[in-house]
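>>> here is a sequence together with a model predicted from it:
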Amino acid sequence: MFTQEVIIVTKPRHEAHPNDVLKQYFGYDEFREGQAELIDALLSGKDTLGVMPTGAGKSLCYQIPAMTLSGVTIVVSPLISLMRDQVQSLVANGIPAAFINSSLTASQWNRAMANARSGKYKIIYIAPERLLAPSMLELAQILQISMIAIDEAHCISQWGQDFRPSYLDIPKFVDALPTRPILAAFTATATPRVREDILKTLELKEPLMLVTGFDRPNLYFEVRQPKDKYAALTSYLKDNGGNGIVYCSTRKEVESVTERLIADGYSAARYHAGLSEGERSQTQDNFLYDRIKIIVATNAFGMGIDKSNARFVIHYNMSQNVESYYQEAGRAGRDGLPSDCILFYARKDINTALYLIKQSENEDEIFRNRKLLDQMVRYCEADGCLRRYMLEYFGETVTDDCGNCGNCKGNFDETDVTVDAQKILSHITRLNKVGKSFMFTHTADILLGKSDDFTNLPTFGLMKGVSRSYIRRITNRLTALGYIYDDGYLSTTQKANEVLFGDVTVTIRGGKTERTKKEKAPKAQAEKYGYAISEELFAKLKELRLSIAREEKIPAFIVFSDATLLDMCRKHPRTDEEMLNVSGVGVVKMERYGERFLALLRDEEPSAIQRETSPELTEKLFFEYFEIEDSQLQISRVADNINAVLLRYSKPKTSGMKLNELLVEANYLESIENVKLPTKSGQELGITTIMRHSERGSYTQCLFGKSAQRCCGELIINALLEKSS
Ligand code: ADP
Ligand code: ZN
């Protein structure tokens, strides 16, 4: 068992600059979107609410100020496993931290309290249930608490799915303190209602609320409709390996899928609420420590799965709503590396979902959840970009398809079935008008002329001769598109007029055409990571990491994340200094593990792949391949075009954010209240702005004309050449 004993390796430097703390302790070079703003606000004494998707890096936003502020930071966190991981990570990075929760033995507890009293910790994680315990309140009087960070802050809202009554103790705890600390709340929940609840209930004072985009570019989304789900699952596992989560909607299905996987020789375990607490935490640990690769789970396996290197989340059944789906799927790829989120969709899963929804006694709730389920079905049936569907669901305005989801990549045969759709809709409308609404089969039989009643209806026999399954497919499609309302009995919606009056066309998919061989093969390394690496070296580094993890009895990813090992492959450090340049290697980890990894790396030739596929990239070569488009592009699209060239030369990818930074540095953009706007020289360069509107309000977006695109390319290539010289 991991021990909380903490030796303060490096005294936190007061007035340390956040960037230095980021580098020294965490080994990272730059902040991600939103982090710097939140940290600055906290350091200037402001309350904050950070709304960022899973994996965006919320923890750093309070951990870094905690290191710089005097006194101690209390972190309220809902799950014991989550606290333990966070503390392990912090301690591994040389940050004095501890947790206080019910998992501690009496003597561990006493020791933690004593250490806390004597000021040994900079960060203390506490379960909300403990906040008002007399011993805690007493400790709070002695400690100088400079900040309280509230992780998973949506737990305070009764509107959220994870309401935790003890979160309501937080404001009481704050009131009991001699001085009010800074409050920093974080959540990944996007619903405005929940956000408002957080602001109100926590009584945040003129907080900075920062909402970053919800996109997770490293996640690949796909919906499949396999005939045989189990076969589809194992075929995926064979092609891809790695560890991940398979979500099923019922315990029964969890049991049966797990059994089959184990029988077929996979390293898998089950997880659902019907199991003993002991088995569940054992399974969770086994997963965390890489002792098993696949967890098959109901949605009880959830919040607080902090394993950063889950490579896939497969939904064996669809979730009950898009929000849950995005959260569950989002447990893949928290380390930012490419990961897959695949949903196996079958129409009959809708019935299971409906059944689960109808377990509630509350009619309103059932109604609400049915609506949410409709949106989930629409995701499953969507023809367009899946990422776009999801982001728009969360109120973001998306102008371009992502190009990296199943629908953007897949090929579909589409058939125009508008006329038949009109027949079906007009038939149902007529039935509805005479006060009738039937289940699908009866409805279809009248259309097919196979029924004994309604022979006088003008639509009787209107579709004679076609198959019932054809009518079924169109009906499903119309339901998914919101033209038909199906609660077992069919009726048309107001929207159906769009089709009836011929304003829109309706298509169905002839099923995905077979993917080409190339696409089906595991993604090429370079395509997957954005640069070529030696698979062999990566495997060796992972092996070393695992043996260290076993020695120290900590999860492997606490030693180094996959992202860090990949960066080692790429940079192939040979000296201490070069090692410190690897993303994720801070001072303390360097001291602890640096030598062993360097020894391994020194024995290895830089990979052959790297040498062959990395001819020197020059500015001339860059512009030979860089596509400058005629239209006005968003920054992310410019980054894509640049990345296409960088990929070719095995250079690290860039991002819209990075470009923005460079443009600010070069004085083409300026940041005004967190919005990037073109300066005068930016305007001269052809950077224009446009107002976008979303549910969250309006915002301004920059667009890049030809010479502005060219300038972005120059900035990147110059930065690259500068670095390597
Ligand atoms: P969240 O709490 O938002 O889900 P985490 O705080 O767990 O996300 O961070 C996810 C991963 O991203 C962690 O492995 C973390 O170390 C890494 N990370 C956070 N910030 C950065 C950064 N600025 N640069 C590189 N990696 C980062
Ligand atoms: Zn897409």
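Yes, it's here. Residues are numbered from 1 along each chain as shown. Ligands and ions are numbered 1, 2, ... in the order given.

>>> tell me where the stretch 351-500 of the chain has strands.
Using DSSP state E, counting those that start in this stretch, the strands of the stretch 351-500 of the chain run over residues 412-416, 484-486, 490-492.

>>> okay, and the helix or strand of the chain with the least pLDDT?
Lowest on mean pLDDT, DSSP states H and E among the helices and strands of the chain sits helix 517-520, with a mean of 35.

>>> thinking again about what came up before, quick one, which of the strands of the stretch 351-500 of the chain is nearest to ligand 1?
Nearest to ligand 1 among the strands of the stretch 351-500 of the chain is strand 412-416; the distance by C-beta to the nearest ligand atom comes to 33.6 Å. (Each C-beta comes from the backbone N, C-alpha and C, glycine too.)

>>> sorry, back to before: next, format the strands of the stretch 351-500 of the chain as TSV and append mean neighbour count, mean pLDDT and distance to ligand 1.
Below are those laid out as TSV (neighbours: other C-beta atoms under 10 Å; pLDDT from 0 to 100; distance: least, C-beta to the nearest ligand atom, whole Å):
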stretch	mean neighbour count	mean pLDDT	distance to ligand 1
strand 412-416	12	66	34
strand 484-486	20	88	37
strand 490-492	21	92	42
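
>>> out of the ones you listed, which gets nearest to ligand 2?
strand 412-416 (12.9 Å; C-beta to the ion).

>>> near ligand 1, which residues of this structure are found?
28, 31-32, 35, 52, 54-60, 308, 334-335, 561, 583 (C-beta under 6 Å from any ligand atom).

>>> now the buried members of these.
Neighbour counting by 16 or more other C-beta atoms under 10 Å classes 28, 31-32, 35, 52, 54-60, 308, 334-335, 561, 583 among the residues of the chain next to ligand 1 as buried.

>>> in helices, which of these fall?
Within those, residues falling in helices by DSSP state H are 35, 58, 59, 60.

>>> quickly note the distance from the one residue in the stretch 151-300 of the chain that gets nearest to ligand 2 to residue 317.
At 7.2 Å from ligand 2, residue 221 is the closest residue in the stretch 151-300 of the chain, using C-beta to the ion. Separation of residue 221 from residue 317 (C-beta to C-beta, to the nearest Å): 16 Å.

>>> looking at these two, which is more packed in?
residue 221 (24 against 21; other C-beta atoms under 10 Å).

>>> show me what residue 314 is bridged to.
Residue 314 has these beta-bridge partners by DSSP bridges: residue 246, residue 342.

>>> wait, isn't it in contact with residue 244?
Yes: assessed by C-beta atoms under 8 Å, residue 314 is found in contact with residue 244 at 6.8 Å.

>>> how about the residues of the stretch 351-500 of the chain by ligand 2?
By C-beta under 5 Å from the ion, the residues of the stretch 351-500 of the chain that approach ligand 2 are 385, 387, 401, 402, 405, 408.

>>> if you set the cut-off to 6 Å instead, what comes out?
Within the stretch 351-500 of the chain, the positions near ligand 2 by C-beta under 6 Å from the ion are 385, 386, 387, 401, 402, 405, 407, 408.

>>> the last one: neighbour count?
In terms of burial, residue 408 registers 18 neighbours under the definition other C-beta under 10 Å.

>>> pLDDT wise, what is whichever residue of the stretch 351-500 of the chain sits closest to ligand 1 at?
At 15.6 Å from ligand 1, residue 394 is the closest residue in the stretch 351-500 of the chain, using C-beta to the nearest ligand atom. Looking at residue 394, its pLDDT stands at 81.

>>> repeat for residue 608
You'll see residue 608 listed with a pLDDT of 46.

>>> cool, residue 526 as well?
pLDDT recorded at residue 526 is 54.

>>> contacts only, for the residue of the stretch 101-250 of the chain found nearest ligand 1.
Residue nearest to ligand 1 within the stretch 101-250 of the chain: residue 188 (6.6 Å; C-beta to the nearest ligand atom). Shown in contact with residue 188 (C-beta atoms under 8 Å, 6 or more residues apart in numbering): 51, 52, 53, 54, 56, 58, 152, 154, 327, 330.

>>> farthest-separated two in these?
56 and 154 (14.9 Å; C-beta to C-beta).

>>> would you check that residue 121 makes contact with residue 100?
No: between residue 121 and residue 100 there is no contact under C-beta under 8 Å: 9.9 Å.

>>> counting neighbours, go ahead and name the busier of those two.
residue 121 (27 against 24).

>>> if I pick that one, what's in contact with it?
Residue 121 touches 6, 72, 96, 97, 98, 115, counting by C-beta under 8 Å, 6+ apart.

>>> backbone dihedrals for the second one, please?
Summarising the backbone geometry of residue 72 under the convention degrees, to the nearest 10, its torsions are phi -120, psi 150.

>>> now it. Nearest residue, chain neighbours left out?
Nearest residue to residue 72 in three dimensions, chain neighbours excluded: residue 143, at 5.3 Å (C-beta to C-beta, 6 or more residues apart in numbering).

>>> pull the contacting residues for that neighbour.
With contacts defined as C-beta under 8 Å, 6+ apart, the neighbours of residue 143 are 71, 72, 116, 117, 119.

>>> got a list of what the first one touches?
Applying C-beta under 8 Å, 6+ apart, we find residue 71 in contact with 143, 144, 145, 146.

>>> before we move on, what about the second one?
Taking C-beta under 8 Å, 6+ apart as the criterion, residue 72 is in contact with 66, 116, 119, 121, 122, 123, 124, 143, 144, 145, 146.

>>> repeat that for residue 463.
420, 423, 424, 447, 448, 471.

>>> hmm, 7 Å instead?
Taking C-beta atoms under 7 Å, 6 or more residues apart in numbering, we find residue 463 in contact with 420, 423, 447, 448, 471.

>>> in contact with the last one: list those residues for me.
With contacts taken as C-beta under 7 Å, 6+ apart, residue 471 has the following neighbours: 424, 444, 447, 463.

>>> give me that answer again for 8 Å
Contacts of residue 471 by C-beta under 8 Å, 6+ apart are 420, 424, 444, 447, 448, 463.

>>> same deal with the second one?
If you count contacts by C-beta under 8 Å, 6+ apart, residue 423 has them with 447, 459, 462, 463.

>>> save those residues as JSON lines, and put in pLDDT and distance to residue 201 too.
JSON lines is the format used below for those (pLDDT from 0 to 100; distance: C-beta to C-beta, whole Å):
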{"residue": "447", "pLDDT": "93", "distance to residue 201": "54"}
{"residue": "459", "pLDDT": "90", "distance to residue 201": "55"}
{"residue": "462", "pLDDT": "89", "distance to residue 201": "57"}
{"residue": "463", "pLDDT": "92", "distance to residue 201": "56"}
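
>>> now the most far-flung residue of the chain relative to its centre. Its backbone dihedrals?
Centroid-distance maximum for the chain: residue 456 at 54.8 Å, with C-alpha atoms, centre = their mean. Here is the backbone geometry of residue 456 (degrees, to the nearest 10): phi -90, psi -10.

>>> tell me, what's touching residue 314 and residue 244 both at once?
In contact with both residue 314 and residue 244: residue 340, using C-beta under 8 Å, 6+ apart.

>>> hmm, stretch 335-345 in reach of ligand 2?
No: Stretch 335-345 lies out of reach of ligand 2 by C-beta under 6 Å from the ion, never closer than 12.1 Å.

>>> average pLDDT for that stretch?
Mean predicted confidence for stretch 335-345 is 92.

>>> how near is the residue nearest to residue 381 when sequence neighbours are not counted to residue 232?
Spatial nearest neighbour of residue 381, chain neighbours left out: residue 480 (3.6 Å); criterion: C-beta to C-beta, 6+ apart. As judged by C-beta to C-beta, residue 480 and residue 232 stand 21 Å apart.
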